[in-house]
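# I would like to see how this sequence folds:
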Amino acid sequence: MRIALIQPEIPQNVGAILRLSVCLGVNVDLIGPMGFVLSNKRLKRAGMDYIDLARITHFDSLEHFLRDNKGRLLLFTTQGDVGAYDFTFAEGDVLAFGSESMGAPALAHSSAAARLALPMCEGARSLNLATAAALALGEALRQTGGLPA
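Numbers count the residues shown, from 1 in each chain. Have a look, this model is predicted:
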């Protein structure tokens, strides 16, 4: 199981997701271009000392990521066709999330094995990126028996 962040823009979100990844034992793919540099102090503040423990793979572009990706790409999007809690996850899945302001590019949508939506009340536009990643990862790991003891 992996988390892929496609062109993230807000360092605090990435820091929180890196901390989440360490706590739940998954790798993170950071796909550029990103809206900040990894030495950003807001990223470090949100990720605390967990950032040094995170297993991160960097990709310059979505094309490079797609070329090297071996897992089933699952795109979480407000335009999802299937509810995340109605979907069956498998070991090796890659949980992908687009940028905070623009979402995922068309190539991510067309390359995804599934486009999943997280439940929200009517009228809500979107969840915070780190919150969405936590909900998605928690359910995926629960289903596959991958949650830490």
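# Does L135 touch L127 like I think?
Yes - counting by CB atoms under 8 Å, L127 is a contact partner of L135 at 7.3 Å. The C-beta positions use only the backbone N, C-alpha and C, and glycine is treated the same way.
# shared neighbours of those two, anything?
Here L135 and L127 share the contacting residues L118, scored by CB atoms under 8 Å, 6 or more residues apart in numbering.
# who does the top helix by length along the chain touch, helix- and strand-wise?
Secondary structure of the chain per DSSP state H: the longest helix is helix 129-144. Packing contacts for helix 129-144, counted by 3 or more CB pairs under 8 Å, 6 or more residues apart in numbering; DSSP states H and E, involve strand 2-6, helix 11-24, strand 73-76, strand 94-97.
# Tell me the neighbouring strands of the first one, and mark each as parallel or antiparallel.
Paired strands of strand 2-6, with direction, are strand 27-31 (parallel), strand 94-97 (parallel) (DSSP bridges).
# how about a markdown table for those, with distance to M120, mean pLDDT and mean neighbour count added?
Output for these, formatted as a markdown table (distance: least, CB to CB, whole Å; pLDDT from 0 to 100; neighbours: other CB atoms under 10 Å):
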| stretch | distance to M120 | mean pLDDT | mean neighbour count |
| --- | --- | --- | --- |
| strand 27-31 | 24 | 97 | 21 |
| strand 94-97 | 15 | 98 | 26 |
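# Can you say which of the helices and strands packed on helix 129-144 is nearest to F65?
F65 lies closest to strand 2-6 among the helices and strands packed on helix 129-144, at 6.7 Å (CB to CB).
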